[in-house]
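Peer 1: Kindly return the folded structure for what I paste below:
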Amino acid sequence: MPLLDVENLRTYFHTRNGIVRAVDGVSFSVEKGETLGIVGESGSGKSVCVYSLLGLIPSPPGRIESGAAHFDGSDLLRCTPEELRAVRGKRISMIFQDPMTALNPYMTIGDQVTEPLRVHEGCPKMEARTRAIEMLQSVGIVDGAERLRDYPHQFSGGMRQRVMIAMALIGGPELLIADEPTTALDVTVQAQILDLINNLQQSLGMAVILITHDLGVIASTCDRVLVMYAGRFLESATVHDLFQTPRHPYTEALMASRPSAHAKGETLYTIPGLPPDLSTEIAGCPFAERCRHAVDGCRECELTLEDVAPGHQSACLRVQAGEL
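Peer 2: Coordinates of the predicted model:
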């Protein structure tokens, strides 16, 4: 039985300019101990998808229109705010996208790292402090006892990200959601953060959902990948299968856009056109207007993920028909 099973999730934003279909009918599951990657362009709905599970969508204008998210027998989408608070930060934790703004500038690092222990476990102050120092040391902040009294502005970007990881993991979660945890960090620090998450995952036995637009991060860390575009999943596969034999034109276009796919001095490939306007209802494949393989049927058929190989699903009509 999966640790998390999401079915037909739809999250819409009701604005003055119309209904924005940010997440439009996605389904996926996460097994215990698995690392699931969700990749796609900025604005494809990756973050909104996981924010919906934890009740972090601002309402209004956001609204979960349909779906279910079963986690250990409970439907997260139908939990009361009190029930969600008992899960959020304890059994499911999240590393937010920007370490520069995710920490409270008015609270010391010690108060922020110990908060999950005090809220969820009623942990005494001294015990929480001791555990916070141990967790900071485990994420690479060796002078944790001294740094507990510091404020976020006294830390570099990489150090703030380590603090965020310590906050997320101090309660021993079963599922960690990492929303672009290496954004705005230099390459060396990126590698350190990813190694840190992987090592802590192995020691704690938790599952991880990794959200990114960096295919290199996906290749080095994930077991399975979901490719997201315009609020929908277009492909699902293991990391090996996705990189060896991509089965959707959008995935191929993403891979062709990587700088490493080009020789030195060669003009970089860019996907033609722009993502669709999510405030208008899209018939058929949302990538059809930018796809060089599109035919009339792609703009009319209902979009569904179907098996095209063992453990490999694609929503491309022509791939499903064996034409590509």
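
Peer 1: which residues does S257 contact?
Peer 2: 268-271 (C-beta atoms under 8 Å, 6 or more residues apart in numbering). Using the backbone N, CA and C atoms, a C-beta is placed for each residue, glycine as well.

Peer 1: Are any of those buried, and if so which?
Peer 2: Buried members of the contacts of S257, counted by 16 or more other C-beta atoms under 10 Å: I271.

Peer 1: Columns pLDDT and distance to Q192 on top of the contacts of S257, output as a markdown table?
Peer 2: Below are the contacts of S257 laid out as a markdown table (pLDDT from 0 to 100; distance: C-beta to C-beta, whole Å):
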| residue | pLDDT | distance to Q192 |
| --- | --- | --- |
| L268 | 84 | 27 |
| Y269 | 85 | 30 |
| T270 | 87 | 30 |
| I271 | 88 | 31 |
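
Peer 1: Go through the contacts of S257 and say which is closest to K90.
Peer 2: When the contacts of S257 are compared for distance to K90 (C-beta to C-beta), I271 wins out at 40.3 Å.

Peer 1: Name the nearest residue to Q161, sequence neighbours excluded.
Peer 2: P99 (4.3 Å; C-beta to C-beta, 6 or more residues apart in numbering).

Peer 1: Got phi/psi on the one you found?
Peer 2: Main-chain dihedrals, P99, degrees, to the nearest 10: phi -70, psi -20.

Peer 1: Next, count neighbours for it.
Peer 2: Per other C-beta atoms under 10 Å, the neighbour tally for P99 reads 26.

Peer 1: Isn't it up against R160?
Peer 2: Yes - the pair P99 / R160 is scored as a contact, 3.9 Å apart, by C-beta atoms under 8 Å.

Peer 1: Determine the set of other helices and strands touching the host helix or strand of R10.
Peer 2: Assigned by DSSP states H and E, R10 belongs to strand 4-15. On a contact count with 3 or more C-beta pairs under 8 Å, 6 or more residues apart in numbering; DSSP states H and E, strand 4-15 meets strand 18-30, helix 46-53, strand 62-71.

Peer 1: From the chain's centroid, how far away is the first one?
Peer 2: Taking the mean of its C-alpha atoms, strand 18-30 sits 13 Å from the chain's own mean (C-alpha atoms, centre = their mean, to the nearest Å).

Peer 1: Much appreciated, bye for now.
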